[in-house]
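[1] need coordinates for the below:
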Amino acid sequence: TAASKQGVTNLNVIFTENPKTRSDVAKLLSRGERAQNRHFQYAYAVKCFVRAAEKLKKANYPDDHPTVKQALEELNNAHHALTSFNNSANIVKMGIRHEDSGELIKALKLFTIAYRIRRDNLSR
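    You can find the predicted model right below:
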C-alpha cells in the first residue's frame, strides 16, 4: 500500500484482558473510591489507585483503555485532594502561630484560606 511505501507501518496490537487482573483492579478502584469519598482517607485512596495503575501497566494494558483512563483520573483527583488537605493543614498551623503571637487579623485570614480549601475539596 501507499502508506507502507512511505515508511508508515500499520501495527495492530492484540490485547486480551486477564480476568484476574481485571478483578484485582476493579477491587482496588472500588477501595480507593470508598476511601476517598466515604471515609476521606486520601492517602489510602492514592495508594489504591497507584496499585491499580501499576497492575494495569504490568498487564500491558494500552494507554487508551477505559480502565487505565479511569484509574489515572481517580489517582489525579485523590492526589489533588490529598495535597490540598496537607496544604490547608500547614496553613492552619501558620494561623495558630500568628494567633499565639497576637496577630489575630493575620491568623483569621489564614484560617479563612484553609477553610475555603477544605470546603472546595469536600464539595467536589
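
[2] can you pull up the most central residue in the protein?
    Centroid-nearest residue in the chain: L75, 2.4 Å away (criterion: C-alpha atoms, centre = their mean).

[3] all helices of this structure, in order?
    2-5, 19-37, 42-58, 66-100, 104-122 (DSSP state H).

[4] for the longest one, packing partners?
    Using 3 or more C-beta pairs under 8 Å, 6 or more residues apart in numbering; DSSP states H and E, the elements in contact with helix 66-100 are helix 19-37, helix 42-58, helix 104-122. Yep, even glycine has a C-beta here, placed from its N, CA and C like the rest.

[5] quick one, the last one and helix 66-100 angle?
    Orientation of helix 104-122 against helix 66-100 (axes from the mean of the first three to the mean of the last three C-alpha atoms, to 10 degrees) gives an angle of 160 degrees.

[6] where does this protein dip in pLDDT?
    1-14 (pLDDT under 70).

[7] identify the spatial nearest neighbour of the residue nearest to the centre of the chain, chain neighbours not counted.
    Nearest non-adjacent residue to L75, counting by C-beta to C-beta, 6 or more residues apart in numbering: F49, 3.8 Å away.
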